[in-house]
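Engineer: Predicted model and sequence follow; I will ask about them next.
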Amino acid sequence: MNDEPTPGSPTSESLAFRAALLVGLLVLLFAASAAYLLYARGVFEPSQRLVLLSDDAEGVTVGMDLTFAGFPIGRVRGIELSADGTTRIIIDVPRKDARWLRESSVFTLTRGLVGNTNLRAFSGVLSDPPLPEGAERRVLVGDATAEIPRLVSETRDLIRNLTQLTSADSALAATLGNVQSASEKIKGPRGALGVLFGNDADAQKLVVTLDRTNALLARIDGLAAKADQQVFGAEGLMPEARATIVQLNAALLEARESLKKIDAILVDAQAIAGNARAASNDLSALRAEIDANLRKVSGMIDEVNRRWPFAKPAEIKLP
Amino acid sequence: MTDVYGRVIDTCAHPMIAPMTSLASTWGALSDLGRSALDWFAGWGRIILFSAKLLVLAFSPSSYRGPNLAALARHLVKDTAPILLWFTLLTSIISLVIIHIVVVTSVSYGLSRFALEMVVRVLVLELIPLTAAMFVALRCALPNAAEIAVLRGRGVFDGTSANRAEPLQREILPRVVSGTFSVLLLAAVSCVVAAALAYVWVHGFTAGGIASYTRTFGRVFSPALSLIFTLKTLGLSLAVGLIPIASVLYDRPNPRLRASAELRGLVRLFFMILLIEIASLVGNYV
């Protein structure tokens, strides 16, 4: 309690130095904490403003994050109510993260079951133009708790249907009863056929039909054996057909020879026809000469007649 | 049956005059209660006046010259240096336990993303400043108040000298400043250590989580909350530095009370800490 330094106690310089160290430590801690908090609040980071419009901003708090693909890229700076009753959520997006927001970006506000609210951004086309400074976008609100009444209603319907299905007079119970009787019938002497036809008489008919079909098949086997003998046997249809074909080949050879002879005759006839055509041409020249000679003879006779004394004048009397 | 002083009253000894005795004792009890309330308010008034006087002296440059500065340095080192390491170790161990409990509980309920925020709120905002204030109050402020009580008993502050600034600057102000400083330094160091421990516990020895951790810190420390936190820590430190010493210095001796002036100062201090905590919680969460 005495402020005077006692022997063995630290000197005043040493005390002053240690006190200065402590004060310096406190000042350093305060300054570092303040700087870190300002950095954490994004004071030193250039940012651009984004305004999200919503009908209901319940759950949105100042300082909450705007996330893109799970990474926080922005922070809510303020929430205000506009003149038309729309809430304006003002968000600061750091410039370095603003590249994830495009003109076509979609913003959602989802509320979880335990009260947590999330603001998310989705950018489908990253090649679109970047979002401008101060852009205003409508936010899509998805409320998980809003689905609860519908979910409860559907669950109630489902339980009601299940109750109806499992009741004693339900169709399912009747079907199961039928299945049980069918399985008992299957285990009976008629087996599955009795289940398929519903009565023993029809099942018996099917068995008889099968027996008769087997007998018919046996007879068809015999017929096939006989037909084989008739067709492919030693004196069957096929050997005779083969001999007939040989004979036909020979006849065809003879016909081919006859046709060759006919071809030669036709060649001769063609030559004769050519000679006759040439003779016809000579006859035409001869006829022309005869015609000329006859005209000369006729002229000569006319000259004789004119010179002849008893010649009559040549006149023509018209009727 | 006992009266307000705890004395046993024999109601069967004088049945005929018992009603009159009971009425007189009730009146006396009410009178004592009113006097006690007045004393209580008067004590707080004196403490507030004394605190204002000391704050004025604390902002006066003459308080930090010559022997006053040496006394201040001595008290700063004596009150803070021996407990700094131990208190930091103690709060680190307690912080690790609380961090583990909060993180494991959050993970088990699928709320792991809120774990760090909860750790920061519980430790840095609430527990560590309060623990530092209580620790310094018990370790430094009460011994300082006892020393002042002894000095007062010797008559250092009697007569005209009690009104002069010199004894206040040399004997009282260094103790008040050292108590206040000690709370601030212990709280600051422990908060930083607890924040670092929380990061290492959740993310491990990697720098990959610094960005998200910084973001969480920024989200928790909104401007309003930062202001309330600063005011609360400052209020706690001033209360720890001022109230015990002011209480022993200005409390009138009261023969009816069995508690000493130091103990009454401690009660006053706890009452003020409680008020500050309630005001802080109301400001933060209401």
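Structural biologist: That came through fine.

Engineer: mind listing the helices for chain B?
Structural biologist: Along chain B, counting by DSSP state H, helices occupy B:18-58, B:66-108, B:115-119, B:128-136, B:142-154, B:165-167, B:173-203, B:210-220, B:223-250, B:261-285.

Engineer: Output those helices as CSV; include the columns distance to A:Asp56.
Structural biologist: Glycine gets a C-beta too; all of them are placed from N, C-alpha and C. Converted to CSV, these look like this (distance: least, CB to CB, whole Å):
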stretch, distance to A:Asp56
helix B:18-58, 48
helix B:66-108, 28
helix B:115-119, 25
helix B:128-136, 38
helix B:142-154, 55
helix B:165-167, 62
helix B:173-203, 34
helix B:210-220, 22
helix B:223-250, 24
helix B:261-285, 24
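
Engineer: Secondary structure class of A:Thr108, three-state.
Structural biologist: What DSSP: H, G, I helix; E, B strand; the rest coil gives for A:Thr108 is strand.

Engineer: That one bridge partners, please.
Structural biologist: A:Arg120, A:Leu140 (DSSP bridges).

Engineer: burial of it, as a residue count?
Structural biologist: Number of residues near A:Thr108 (other CB atoms under 10 Å in any protein chain shown) recorded here: 14.

Engineer: So it versus B:Ala198, what's the distance?
Structural biologist: A:Thr108 is 31 Å from B:Ala198, where distance means CB to CB, to the nearest Å.

Engineer: Equivalent analysis for A:Arg287, please.
Structural biologist: Per CB to CB, A:Arg287 is found 143 Å from B:Ala198.

Engineer: Look at these two and report which has more neighbours.
Structural biologist: A count of neighbours by other CB under 10 Å puts B:Ala198 above the other of A:Arg287 and B:Ala198, at 26 against 10.

Engineer: mean pLDDT lowest for which of the helices of chain B?
Structural biologist: Across the helices of chain B, helix B:165-167 has the smallest mean pLDDT, namely a mean of 72.

Engineer: helix/strand/coil for A:Val152?
Structural biologist: helix.

Engineer: Relative to A:Thr110, how far out is it?
Structural biologist: Using CB to CB, A:Val152 is found at 20 Å from A:Thr110.

Engineer: Settle it for me: which of those two has more neighbours?
Structural biologist: When neighbours are counted by other CB under 10 Å, A:Thr110 comes out ahead of the other of A:Val152 and A:Thr110, with 15 against 10.

Engineer: which SS class is the residue nearest to the more buried one when sequence neighbours are not counted?
Structural biologist: Nearest residue to A:Thr110, sequence neighbours excluded (CB to CB, 6 or more residues apart in numbering or on different chains): A:Gly142, at 4.5 Å. What three-state DSSP gives for A:Gly142 is strand.

Engineer: burial count for A:Gly142?
Structural biologist: Using other CB under 10 Å, A:Gly142 is surrounded by 13 other residues.

Engineer: isn't it right next to A:Leu109, touching?
Structural biologist: Yes: counting by CB atoms under 8 Å, A:Leu109 is a contact partner of A:Gly142 at 7.1 Å.

Engineer: Could you list which residues are in contact with residue 80?
Structural biologist: The chain I'm using is chain A. A:87-88, A:90 (CB atoms under 8 Å, 6 or more residues apart in numbering or on different chains).

Engineer: wrong one, I was asking about chain B
Structural biologist: By CB under 8 Å, 6+ apart, the residues touching B:Thr80 are A:22, B:178, B:181-182, B:185-186.

Engineer: State the number of residues packed around A:Arg307.
Structural biologist: Each residue near A:Arg307 was counted by other CB under 10 Å, and the total is 8.

Engineer: Can you name the residue of the stretch 101-250 of chain B nearest chain A?
Structural biologist: B:Gly218 (3.2 Å; CB to the nearest CB).

Engineer: you'd agree that residue is up against A:Arg41?
Structural biologist: Yes: between B:Gly218 and A:Arg41 there is a contact at 4.6 Å, judged by CB under 8 Å.

Engineer: Next, the buried residues of the host helix or strand of A:Ala173.
Structural biologist: Here A:Ala173, judged by DSSP states H and E, is contained in helix A:171-186. By neighbour count on 16 or more other CB atoms under 10 Å in any protein chain shown, the buried set for helix A:171-186 is A:Lys185.

Engineer: if I pick the residue nearest in space to the middle of chain B, what's in contact with it?
Structural biologist: Nearest to the mean C-alpha position of chain B, by CA atoms, centre = their mean, lies B:Val240 at 4.0 Å. B:Val240 is in contact with B:133, B:136-137, B:141, B:179-180, B:182-183, B:269, B:273, counting by CB under 8 Å, 6+ apart.

Engineer: go again using 7 Å as the cut-off
Structural biologist: Residues counted as contacts of B:Val240 (CB atoms under 7 Å, 6 or more residues apart in numbering or on different chains) are B:133, B:136-137, B:141, B:179-180, B:183, B:269.

Engineer: State the three-state secondary structure for A:Glu58.
Structural biologist: A:Glu58 is classified as coil under three-state DSSP.

Engineer: What pLDDT does the model give it?
Structural biologist: Confidence score, pLDDT, at A:Glu58: 84.

Engineer: swap in the one 3 residues further on?
Structural biologist: According to the per-residue confidence, A:Thr61 scores 85 in pLDDT.

Engineer: name the element it belongs to?
Structural biologist: Assessed by DSSP H and E, A:Thr61 sits outside every helix and strand.

Engineer: distance of it from chain B?
Structural biologist: Noted for A:Thr61: a distance of 9 Å to chain B, by CB to the nearest CB, to the nearest Å.

Engineer: check contacts around that residue.
Structural biologist: Going by CB under 7 Å, 6+ apart, A:Thr61 touches A:Val76.

Engineer: roughly how far out does the helix or strand where A:Pro239 lies sit from the chain middle?
Structural biologist: Element membership for A:Pro239, per DSSP H and E: helix A:237-307. Computed by CA atoms, centre = their mean, to the nearest Å, the separation of helix A:237-307 from the middle of its chain amounts to 76 Å.

Engineer: and that helix, what does it pack onto?
Structural biologist: helix A:200-232 (3 or more CB pairs under 7 Å, 6 or more residues apart in numbering or on different chains; DSSP states H and E).

Engineer: could you check the angle helix A:237-307 makes with the helix it packs on?
Structural biologist: Angle of helix A:200-232 versus helix A:237-307, following axes from the mean of the first three to the mean of the last three CA atoms, to 10 degrees, is 60 degrees.

Engineer: Identify each buried residue in helix A:200-232, please.
Structural biologist: A:Ala203.

Engineer: by contact count, what packs against that helix?
Structural biologist: Packing contacts for helix A:200-232, counted by 3+ CB pairs under 7 Å, 6+ apart, involve helix A:191-197, helix A:237-307.
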